[in-house]
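Asks: 3D, please:
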Amino acid sequence: HKNLNLETDFSHVKPSDTEFVSGGKRDFFQYRDLGVEQATHGKVLAQLVRASAAPDKGTGWHIHDAQFHIVYMLKGWARFMYEDQETLVSAGDCIHQAPGIRHYLFDYSPDMEYLEVAGPAQFTDIPVPAPFDAPAPKGWEQKPV
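Replies: A predicted model of the protein is given here:
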């Protein structure tokens, strides 16, 4: 793979190569790096995200400065507000978060795990005033609405 003159590097990350760690964007989630950020020299992030604590306040209303951002739910569910639309994202669902869309992840199941792919890799959250009321999280004792 070294003599191909590629813009990015080949990467193959096995489950045993990286672990879920705390210390990412959200203190109530854990993250597992899939090696794509390094391989693409920061162009794309691919990581697994899973719940590590019960929902309390959620993410708050924000936008991202990413040019591309998808979430593919692998296990469980999460409830988001996208502008004025409450959206239940369940295992098998894929969402494309359009650049600049105001959103808020406010509730999720204990087994929630999703694949997040975004570019550039080092995108930021930009807090925005609440454009709409978001429902309170229901906690892990109840099913999603």
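Asks: so where is this structure shaky, pLDDT-wise?
Replies: Low-confidence segments of the chain, defined by pLDDT under 70: 1-5, 141-145.
Asks: close enough to count as contact, L48 and E19?
Replies: No. L48 is beyond contact range of E19, at 10.5 Å (criterion: C-beta atoms under 8 Å). The C-beta positions use only the backbone N, C-alpha and C, and glycine is treated the same way.
Asks: what residues are shared contacts of these two?
Replies: R32 (C-beta atoms under 8 Å, 6 or more residues apart in numbering).
Asks: who has more neighbours, those two?
Replies: L48 (17 against 10; other C-beta atoms under 10 Å).
Asks: Ramachandran angles for the closest residue in space to the more buried one that isn't next to it in sequence?
Replies: Among residues not flanking L48 along the chain, R32 sits closest, at 4.2 Å (C-beta to C-beta, 6 or more residues apart in numbering). Taking degrees, to the nearest 10, you get phi -120, psi 120 for the backbone angles of R32.
Asks: give me every residue that touches R32.
Replies: Contacts of R32 by C-beta under 8 Å, 6+ apart are T18, E19, F20, V21, Q47, L48, R50.
Asks: Which strand residues bridge the fifth one?
Replies: With DSSP bridges as the criterion, the beta-bridge partners of Q47 are D33, E116.
Asks: Can you name the residues that contact it?
Replies: Applying C-beta under 8 Å, 6+ apart, the residues contacting Q47 are G24, Y31, R32, D33, L34, L115, E116.
Asks: Dump these into CSV; add distance to S11 as well.
Replies: Shown next, in CSV, are the contacts of Q47 (distance: C-beta to C-beta, whole Å):
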residue, distance to S11
G24, 19
Y31, 17
R32, 14
D33, 10
L34, 8
L115, 15
E116, 16
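Asks: Show me which of those residues are buried.
Replies: The neighbour count (16 or more other C-beta atoms under 10 Å) marks Y31, R32, D33, L34, L115, E116 as buried among these.
Asks: Kindly indicate which of those lies nearest E86.
Replies: Distance to E86, by C-beta to C-beta, is smallest for E116 among the buried ones among the contacts of Q47, at 20.4 Å.
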